[in-house]
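**Q** Compute the structure for the input listed below.
(chains A, B and C)
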Amino acid sequence: MNIKNNNNRSATIIVHSGDFDKLMSAFIIGNGFLSMGIPVSLFFTFWGLKALTKRGFKKAPLSKMNLLGLGKAMIRLKMRRHNVASLEKLAQSFKSLGGEIIACTMTMELMGIKEKDLRADLVKSYGTVGKYCYITKDADITLFI
Amino acid sequence: MNIKNNNNRSATIIVHSGDFDKLMSAFIIGNGFLSMGIPVSLFFTFWGLKALTKRGFKKAPLSKMNLLGLGKAMIRLKMRRHNVASLEKLAQSFKSLGGEIIACTMTMELMGIKEKDLRADLVKSYGTVGKYCYITKDADITLFI
Amino acid sequence: MNIKNNNNRSATIIVHSGDFDKLMSAFIIGNGFLSMGIPVSLFFTFWGLKALTKRGFKKAPLSKMNLLGLGKAMIRLKMRRHNVASLEKLAQSFKSLGGEIIACTMTMELMGIKEKDLRADLVKSYGTVGKYCYITKDADITLFI
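**A** Residues are numbered from 1 along each chain as shown, chains lettered A, B, ... in the order given. Below is the predicted model:
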């Protein structure tokens, strides 16, 4: 676990939500810190973990679908037009920048998700809340998304 | 207020959401830190505070009820089968491990919740945002759920 | 950027949600820390940024509109009766206490929001996630709302 860097700063983010826009936020923030040399661990639980199953990104809903007249297709279109990376690319960047993705094993049991259901290219390790607390104990930047 | 431990680490969590799964997360995370000797204060506001009224846990909805084919009854069933503690037990553990539950007095006024409506076995103290800020001022781990 | 105070404590809050009650929480918490001399930066993204457009506060929905029998009109009524400041007043206080409001430029591109659409009386600066990470790097209190 490379949670300490030269500044002794690190970030851990619980990704509880499986909403498309919140997943985007999680990876964008994660990539931002990684780019500054700050180690980041994303701990995926509940609906967030569901998004790490195969085709999970594609099925992720917007958190406010119809309220603001801005659907998912529209966001994807604008992302392409404005050269904003897709959720898939954001996740790949996160991995290649050295970010750690942890799958919550309690959620796996609750939701009947098996290791083979999860994307092996993204998930690095598995753990209970104890693992989250252990790495967060020394973290400075802590978010719940 | 026993907010400082030997490591000088502490955690404060604002519980704004009253969703069943987010309440579970709040208590699971809280219990995790308490188990490591890190003091935890949960500050309940808005829908979160509503969940601390009598029978509030039973009425708490899932944050994504129908989207993923996993209803509350199903989660409860799986929790029993996989030996995951119920929300009630998680809250009791939190108390017995020494966790502090604070009720937001502004929310009580806004929502017309009286002290007698809240569960006296869980709520330890009452306070405004000033109290939250005071204990969070020196906290290292800060979450908003 | 006046992110450091005499205690070397500071807070940064990502406001991703545009829900009326979560916007209230963001400003109430922000004002609480500012009142204690702790600098606060609010970084508005996605639906949160939408709320900073003209008349955005008025259009903000409750996060749980109908579930708990407590509508927005009811909350406003109770806020007046109990002398709780309106969202507008909370935001004005935040500004006058020296709080910083940053608009996420990526969200502006994604959602087609122009500078002229945003409330110039509230927004102080514009930035990408890089700006958020830069000021959060040294922050102690970090929340995602």
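
**Q** Who are the packing partners of the lowest-mean-pLDDT helix or strand in chain A?
**A** Least confident helix or strand of chain A, by mean pLDDT, DSSP states H and E, is helix A:72-81 with a mean of 73. Using 3 or more C-beta pairs under 8 Å, 6 or more residues apart in numbering or on different chains; DSSP states H and E, the elements in contact with helix A:72-81 are helix A:20-35, helix C:105-111. In short, each C-beta sits where N, CA and C put it, glycine included.

**Q** Please convert those helices to TSV, extending it with distance to B:Asp138, mean neighbour count and mean pLDDT.
**A** Below are the helices and strands packed on helix A:72-81 laid out as TSV (distance: least, C-beta to C-beta, whole Å; neighbours: other C-beta atoms under 10 Å in any protein chain shown; pLDDT from 0 to 100):
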stretch	distance to B:Asp138	mean neighbour count	mean pLDDT
helix A:20-35	23	23	96
helix C:105-111	33	19	90
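
**Q** Out of the ones you listed, which is closest to chain B?
**A** Closest to chain B of the helices and strands packed on helix A:72-81 is helix A:20-35 (C-beta to the nearest C-beta; 11.2 Å).

**Q** what's in contact with the closest one?
**A** Contacting residues not belonging to helix A:20-35 are listed as A:11, A:13, A:15, A:17, A:39-40, A:42, A:48, A:51, A:57, A:60-63, A:72, A:75, A:87, A:90-91, A:93-94, A:97-99, A:141, A:143, A:145, C:14, C:16, C:45-47, C:106, C:129-130, C:132-133, C:136-137, C:144 [C-beta atoms under 8 Å, 6 or more residues apart in numbering or on different chains].

**Q** follow-up on the earlier one: what about whatever helix or strand comes next after the least confident helix or strand of chain A, distance to the chain center?
**A** The helix or strand immediately downstream of helix A:72-81 is helix A:87-96, counting by DSSP states H and E. Counting by C-alpha atoms, centre = their mean, to the nearest Å, helix A:87-96 is centred 9 Å from the centre of its parent chain.

**Q** again with stretch A:31-42
**A** With C-alpha atoms, centre = their mean as the basis, stretch A:31-42 stands 12 Å off its chain's centre.

**Q** Can you check the distance spanned by that stretch, start to finish?
**A** Taking C-alpha to C-alpha, to the nearest Å, stretch A:31-42 runs 11 Å from one end to the other.

**Q** And for stretch A:116-128?
**A** Termini of stretch A:116-128 sit 18 Å apart (C-alpha to C-alpha).

**Q** That stretch: which residues count as buried?
**A** A:118-119, A:122-123, A:127 (16 or more other C-beta atoms under 10 Å in any protein chain shown).

**Q** Switch those residues over to a markdown table; also include secondary structure.
**A** Formatted as a markdown table, the buried residues of stretch A:116-128 follow (DSSP: H, G, I helix; E, B strand; the rest coil):
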| residue | secondary structure |
| --- | --- |
| A:Leu118 | strand |
| A:Arg119 | coil |
| A:Leu122 | coil |
| A:Val123 | coil |
| A:Gly127 | strand |
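
**Q** out of those residues, which one sits closest to chain C?
**A** Proximity of the buried residues of stretch A:116-128 to chain C (C-beta to the nearest C-beta) peaks at A:Leu122, which lies at 20.0 Å.

**Q** Now tell me what touches stretch A:87-97 from outside.
**A** Contacting residues not belonging to stretch A:87-97 are listed as A:20, A:23-24, A:27-28, A:30-31, A:34-35, A:40, A:42, A:57, A:60, A:85, A:101, A:121-122 [C-beta under 8 Å, 6+ apart].

**Q** how far away is the residue nearest to A:Cys104 when sequence neighbours are not counted from A:Ile113?
**A** With C-beta to C-beta, 6 or more residues apart in numbering or on different chains as the criterion, A:Cys104 has its nearest non-adjacent residue at 4.1 Å, and that residue is A:Thr45. Counting by C-beta to C-beta, to the nearest Å, the gap from A:Thr45 to A:Ile113 is 11 Å.

**Q** what sits in contact with each of those two?
**A** Residues touching both A:Thr45 and A:Ile113 (C-beta under 8 Å, 6+ apart): A:Thr107.

**Q** picking up where we left off before, if I pick the residue nearest to A:Cys104, what's in contact with it?
**A** A:14-16, A:104, A:106-107, B:25.

**Q** can you name the two of those residues that are farthest apart?
**A** Spanning the widest gap among the contacts of A:Thr45 are A:Val15 and A:Met106, at 14.5 Å by C-beta to C-beta.

**Q** thinking again about what came up before, and the contacts of helix A:20-35, which of them are buried?
**A** Buried among those by 16+ other C-beta under 10 Å: A:11, A:13, A:15, A:17, A:39-40, A:42, A:48, A:51, A:57, A:60, A:62-63, A:75, A:87, A:90-91, A:93-94, A:97, A:99, A:141, A:143, A:145, C:14, C:16, C:45-47, C:106, C:129, C:132-133, C:136-137, C:144.

**Q** Can you name the residues that contact A:Phe46?
**A** Per C-beta under 8 Å, 6+ apart, neighbours of A:Phe46: A:16-18, A:104, A:107, A:111, B:21, B:25.
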